[in-house]
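Trainee: got a structure for you, letters missing:
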């Protein structure tokens, strides 16, 4: 039922990690995809991979946290493919060591984390909603985080930004409903992406984080499957949902080994 033939999607942060996996999965489901990323070669590499697999894609160098770039992505998608039906707001950053405890964080770092992680969702949705409505409706999928539900501490800017994404999703869903647009957010746990390389590259950390997930750590591809579902009519009953897709990370915590 997750058939996206004839649909057009924008994926922000599509050059790597969850965004790349999401763009590839949306294309496999039949969507034509505009791959947006601040890293132009990475965006092109994802678009090339889609085309090599027989799909249709366009790369766009864009900073999703810039209102003008967000509007340009929407224009390019509509110009290239004739419409817009799906927006996957995925662009984001996590900066351990720069972001941290509020008293220690440089306000400039705070501002940048909020701009990239939260303001980008607003800017892209602001530009995309009229285009999606003009196409007869569709779906917006926002990437929040397990940190929106259960912060670890020491990443105060990140937690605040992702909590904001979750609440913006719920608030936007009300206004978008009358336009035929569904708005949902996903809250992944710890996924094997460049952002989480410090965890996946350290065996002790990796074992510890894996223990907190009921069935182990996650892959970008499994999150991409959920994005395709939310983009498709198969999820037509879902809007305003903030979905924990974290293999149990926010549902429980196991006792220490030996307890």
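Mentor: Received it, and whenever you're ready, just let me know what you need. These numbers were taken from a predicted model, which means no experiment stands behind them. Numbers count the residues shown, from 1 in each chain.
Trainee: partner strands of the helix or strand hosting residue 58 and their direction?
Mentor: For residue 58, the element it lies in under DSSP states H and E is strand 57-61. Each strand paired with strand 57-61, and its direction, by DSSP bridges: strand 32-37 (parallel).
Trainee: ok, residues contacting the partner strand?
Mentor: With Cβ atoms under 8 Å, 6 or more residues apart in numbering as the test, strand 32-37 has contacts from 7-16, 19, 23, 26-27, 43, 46-47, 50, 55-62, 64, 73, 76-77, 80-81, 91. Where C-beta positions appear, they are placed from N, C-alpha and C, glycine not excepted.
Trainee: from the residues you listed, which ones fall inside strands?
Mentor: 8, 9, 10, 11, 12, 57, 58, 59, 60, 61 (DSSP state E).
Trainee: what average pLDDT does the strand holding residue 58 get?
Mentor: Per-residue pLDDT values over strand 57-61 give a mean of 98.
Trainee: do I have it right that residue 78 meets residue 131?
Mentor: Yes: at 5.7 Å, residue 78 counts as touching residue 131 under the criterion of Cβ atoms under 8 Å.
Trainee: joint contacts of the two?
Mentor: Common neighbours of residue 78 and residue 131, counting by Cβ under 8 Å, 6+ apart, are residue 84.
Trainee: so residue 221 makes contact with residue 22?
Mentor: No: with contact defined as Cβ under 8 Å, residue 221 does not count as touching residue 22 (9.4 Å).
Trainee: looking at the two, which has the bigger crowd around it?
Mentor: residue 22 (32 against 14; other Cβ atoms under 10 Å).
Trainee: quick check: that one touching residue 10?
Mentor: No: judged on Cβ under 8 Å, residue 22 makes no contact with residue 10 at a distance of 10.7 Å.
Trainee: quick check: neighbours shared by these two?
Mentor: In contact with both residue 22 and residue 10: residue 88, using Cβ under 8 Å, 6+ apart.
Trainee: of the ones in strands among the contacts of strand 32-37, buried ones?
Mentor: Restricting those to buried positions leaves 8, 9, 10, 11, 12, 57, 58, 59, 60, 61, with burial counted as 16 or more other Cβ atoms under 10 Å.
Trainee: quick check: the farthest pair among those residues?
Mentor: 8 and 61 (18.8 Å; Cβ to Cβ).
Trainee: for this protein, which segments count as strands?
Mentor: Going by DSSP E, the chain shows strands at 8-12, 32-37, 57-61, 86-89, 138-143, 181-188, 242-245.
Trainee: among these, which comes closest to residue 194?
Mentor: strand 32-37 (12.1 Å).
Trainee: what sits against residue 240?
Mentor: 169, 170, 173, 174, 183, 184.
Trainee: look up phi and psi at it.
Mentor: Recorded main-chain torsions at residue 240 are phi 70, psi 10, according to degrees, to the nearest 10.
Trainee: show me which of the buried ones among the ones in strands among the contacts of strand 32-37 is closest to residue 161.
Mentor: For these, the nearest to residue 161 is residue 12 (14.3 Å; Cβ to Cβ).
Trainee: got the strands of the chain as CSV, with distance to residue 156 columns?
Mentor: Below are the strands of the chain laid out as CSV (distance: least, Cβ to Cβ, whole Å):
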stretch, distance to residue 156
strand 8-12, 23
strand 32-37, 26
strand 57-61, 30
strand 86-89, 22
strand 138-143, 19
strand 181-188, 18
strand 242-245, 20
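Trainee: give me the number of residues near the spatially closest residue to residue 8 that is not a sequence neighbour?
Mentor: Spatial nearest neighbour of residue 8, excluding adjacent residues (Cβ to Cβ, 6 or more residues apart in numbering): residue 81 at 4.3 Å. Close neighbours of residue 81, defined as other Cβ under 10 Å, add up to 21.
Trainee: try residue 25
Mentor: 26.
Trainee: confidence score at it?
Mentor: Looking at residue 25, the pLDDT reads 98.
Trainee: that one reaches residue 229, doesn't it?
Mentor: No: contact status for residue 25 versus residue 229: not in contact, 9.8 Å apart, counting by Cβ under 8 Å.
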